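[1] Build the 3D model from these lines:
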Amino acid sequence: MAALVCLGAFGGLAADTNALVKLENVHRIVFLGDSITYAGEYVDDIEAYQVTRFPHQHFEFINVGLSSETVSGLSEPSEKNPRPDLHERLGRILEKTKPVLIYICYGMNDGIYSPPDAGRLKAFEDGMKSVHEQIAAAGVKNIIHVTPPVFDPVGAKARISTNGPFGFSHPYWGYNKTLDQFSDWLVAQRSAGWLVADLHSGMNRWLADQRRRDPNFSYTRDGVHPDANGHWAMAKQILLYLAAPDIENTESPAAMVASNSHGAEILKLVHEQEQLLRDAWLNFCGFNRPGVKPGLPVQEAEPKAEELDKQIRELVQQPPIMNSSAPFPGTKSQWQGFDRYDFDFNGKPAIVVVPPHPLPGNPWAWRGEFFGAFANADVELVAKGFHIAYLGVPDLFGSPRAVNYWNDFYAELTGKYGLAKKVALIGLSRGGLYCYNWASVNPDKVACIYADAAVCDFKSWPGGQPKGLGKGPGSASEWAKLLKTYDFKSDAEAVAFKGNPVDNLQPLAAANIPLLHVYGDADKTLPWEENTGVVAARYKQLGGNITLIPKPGGDHHPHGLTNPEPIVDFILKYAATNT
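    Residues are numbered from 1 along each chain as shown. Next up, the predicted model:
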């Protein structure tokens, strides 16, 4: 792994004293940590990066994270069973795994979910120093300390406590301040020659950025344990510390491996292998904690892991598919005289229509919803060399879940199949929520937006008259679905939400994304003045470029124009040459 280096200065992180550390001949990599490491997703993401970027290297990742564990030796006074202490098993881990590189990520449990305290801080410092010295004394030269992840009181919700008693069951609302202290102390050890990846600060910035985009954003259900998005945020900060050159703008593990035609399969196999080895090595090394899933004996697990490793290596060494002339997966049929491919993508139905003569750079248009409805503009675009794509995520109303699905689909089409890096978005009706919400998070990936009688504020629809939020009829059943997919607990929480398209136009204006809105000025279902009208006024105020095509006396249907030429010309102008 000589090509992988630690460059602490990358991405604005504070530089280590040893700014450049070559990890020569690294084979066995061990991860130490608590339940977040035990869960393993960030470990999987890091492993998937390394195996796809260094296909001729052979790595063995061993995750021996243990739930509830600390390096401080502290436990909640009320706990029946004391928390396990890494010191109890560290010697056995070092002796049996014989690591060449160790990652150490602790701190979440070490403050006992309590306010900052000098005694607990010292226990963490002393424990971490002791661990570092023991690992170094065992001859391990590559030790990378990772500052603790973030505690999020929004995710903890009703469990949080302001005045004690504190502990995991009732964490202090400001517990992240305790973790800030642990992180600051670890980073300060760089002056002593320690290698420290500052995950905590980067994750704080990531969370703040997500909350600016969506005040209700959540990546954890208990304030502690991250979901897949949170684990990717962790992995990304560690990879940035390692100076991974192609990670800074990568938004998901799927996007990270998208350049490989078998990326999704590689991620699945890496996860399967990591879980198999984790359970086996935990048992083999031994630990003091009840209730942990038993694993296979190491001598049985390793041959299975080697078979998985063989499959992974075969897949990563296959050349990627980098041009759109390669067939898409799934069922091939005809749509309006063009080749259409229907396939499953991450459990969702996907469609790609392939032009007979793709334009240079493989430009494409992405339908937000209702593939095939009022499609005369789509047909003209395919005839002129555009691909048309669609991902079926109905009833998600452009929510963060929908945006995540779209992120992965974009990575698949631009990475594996070589479609243009900037896409034209087509948002009919509720499809406007999908297009605008994805574009506000990904303005650098959007060539232009064509919105047609588009929902730009869900208070207008499905809110409307039943909720006293707009002039239109709205839909009580669709409003209930929207509350559920956004995880709103009440109508008031939805009304206070500031993540609608009308609220998030600034990133689009800053990126100079041109907009085209076609609408009926007598639309009774989706009053244009509550949607297109607000977007137009605000976008012009921001200096943005927006074109309006009203249809006098027009209602919500039919969408589009009888002669689609203005729509087609708009998309050709702004998306045909973007690669």
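[2] Which positions within stretch 498-507 qualify as buried?
    499-505, 507 (16 or more other Cβ atoms under 10 Å). C-betas here are computed from N, CA, C, even on glycine.
[3] As a markdown table, the residues you listed with secondary structure, distance to residue 385 and pLDDT would be great.
    A markdown table is the format used below for the buried residues of stretch 498-507 (DSSP: H, G, I helix; E, B strand; the rest coil; distance: Cβ to Cβ, whole Å; pLDDT from 0 to 100):
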| residue | secondary structure | distance to residue 385 | pLDDT |
| --- | --- | --- | --- |
| 499 | coil | 35 | 93 |
| 500 | coil | 34 | 95 |
| 501 | helix | 29 | 96 |
| 502 | helix | 33 | 96 |
| 503 | helix | 35 | 95 |
| 504 | coil | 31 | 94 |
| 505 | coil | 30 | 96 |
| 507 | helix | 29 | 95 |
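[4] Helices along the stretch 301-450 of the chain, start to end?
    376-383, 400-411, 431-441 (DSSP state H, counting those that start in this stretch).
[5] Tell me which of those helices sits nearest to residue 552.
    Of all these, helix 376-383 sits nearest to residue 552, with 20.0 Å by Cβ to Cβ.
[6] Report the buried residues of that closest one.
    376-382.
[7] Show residues contacting stretch 389-406.
    For stretch 389-406, the surrounding residues in contact (Cβ atoms under 8 Å, 6 or more residues apart in numbering) are 214, 217, 229, 252, 345-346, 348-353, 364-369, 371, 409, 413, 419, 423, 430, 432-438, 441, 458, 481-482, 485-486, 501.
[8] What residues are bridge-paired with residue 547?
    Taking DSSP bridges, one obtains residue 516 as the residues bridged to residue 547.
[9] and the host helix or strand of residue 495, average pLDDT?
    Residue 495 belongs to helix 491-496 when assigned by DSSP states H and E. Over the span of helix 491-496, the pLDDT mean works out to 94.
[10] elements contacting it?
    Packing partners of helix 491-496 (3 or more Cβ pairs under 8 Å, 6 or more residues apart in numbering; DSSP states H and E): helix 476-486.
[11] Specify the angle between the helix it packs on and helix 400-411 in degrees.
    Interaxial angle, helix 476-486 versus helix 400-411 (axes from the mean of the first three to the mean of the last three Cα atoms, to 10 degrees): 70 degrees.
[12] tell me the angle helix 476-486 makes with helix 431-441.
    Using the same axes, to 10 degrees: helix 476-486 against helix 431-441 is 20 degrees.
[13] about what we covered before: can you add distance to residue 568 and mean pLDDT and give the helices of the stretch 301-450 of the chain back as TSV?
    As requested, the helices of the stretch 301-450 of the chain are exported to TSV (distance: least, Cβ to Cβ, whole Å; pLDDT from 0 to 100):
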stretch	distance to residue 568	mean pLDDT
helix 376-383	5	93
helix 400-411	22	94
helix 431-441	17	96
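[14] Run through the bridge partners of residue 338.
    According to DSSP bridges, beta-bridge pairing links residue 338 with residue 335.
[15] Could you double-check that it sits in contact with residue 352?
    No. The pair residue 338 / residue 352 is not scored as a contact, 10.4 Å apart, by Cβ atoms under 8 Å.
[16] higher neighbour count, the two?
    residue 352 (23 against 17; other Cβ atoms under 10 Å).
[17] residues contacting the more buried one?
    328, 340-341, 387-390, 413, 417.
[18] Also residue 446?
    Applying Cβ under 8 Å, 6+ apart to residue 446 gives the contacts 422-425, 439, 508, 511, 513.
[19] Now with 10 Å, please.
    366, 422-425, 435-436, 438-440, 507-508, 511, 513-514, 574-575, 578 (Cβ atoms under 10 Å, 6 or more residues apart in numbering).
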